[in-house]
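J.: Here is my input, please return the structure:
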Amino acid sequence: QVQLVESGGGLVQAGGSLRVSCAVSGRTYRTYVIGWFRQAPGKEREFVAAISRSGGATNYAESVKGRFTISRDNAKNTVYLQMNSLNAEDTAVYYCAADRAAWGTNKFREEYDYWGQGTQVTVSS
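T.: Predicted coordinates:
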């Protein structure tokens, strides 16, 4: 069993930066691909970024490429999402999730086995 807990959300002005974290419990942490998704009010949950088990490979949605960076610290069982140049369209609840499958695209919600409760990110314009 894996548990994920997000933190670090909050209110930030447009153009600002924020880092959200995902603490992952469980001995099998390193066997999971970890992804970040987000869901804005009235919209579907969408893929943001994913990182491979070793941290050596990453994947991003086009809408955040060049602005967001995903990383993982396997010594701390934590995955981070650094978000720069934020705009109002980035306002959403951000979720991290764990995928037991091998590294591939890892872009689809259905691939992920465990989810956190989410953390709210609000960007004021």
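J.: C-alpha from now on. contacts and neighbour counts both.
T.: OK.
J.: can you give me the strands for the chain?
T.: 3-7, 10-13, 18-25, 33-39, 46-51, 58-60, 68-73, 78-83, 92-99, 114-115, 119-124 (DSSP state E).
J.: Quick check: which of the ones you listed is nearest to N106?
T.: strand 46-51 (6.7 Å; C-alpha to C-alpha).
J.: Sheet partners, orientation included, of the closest one?
T.: Here strand 46-51 has these sheet partners by DSSP bridges: strand 33-39 (antiparallel), strand 58-60 (antiparallel).
J.: can I get the ones you listed in TSV with mean neighbour count and mean pLDDT?
T.: As requested, the strands paired with strand 46-51 are exported to TSV (neighbours: other C-alpha atoms under 10 Å; pLDDT from 0 to 100):
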stretch	mean neighbour count	mean pLDDT
strand 33-39	25	98
strand 58-60	20	97
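J.: circling back: let me know which of the strands of the chain is the nearest to F108.
T.: Nearest of the strands of the chain (C-alpha to C-alpha): strand 46-51, 6.9 Å.
J.: pull the CA atoms of the closest one into CSV?
T.: Taking C-alpha atoms only, strand 46-51 is exported to CSV below (Å, rounded to 0.1, in the frame of the first residue of the first chain):
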residue,chain,number,x,y,z
GLU,A,46,-5.5,16.7,-16.5
PHE,A,47,-1.9,15.5,-16.7
VAL,A,48,0.8,17.9,-15.7
ALA,A,49,4.1,16.0,-15.3
ALA,A,50,5.6,12.6,-14.5
ILE,A,51,8.9,11.3,-13.4
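J.: What angle do strand 78-83 and it make with each other?
T.: Strand 46-51 and strand 78-83 are oriented at 120 degrees to each other (axes from the mean of the first three to the mean of the last three C-alpha atoms, to 10 degrees).
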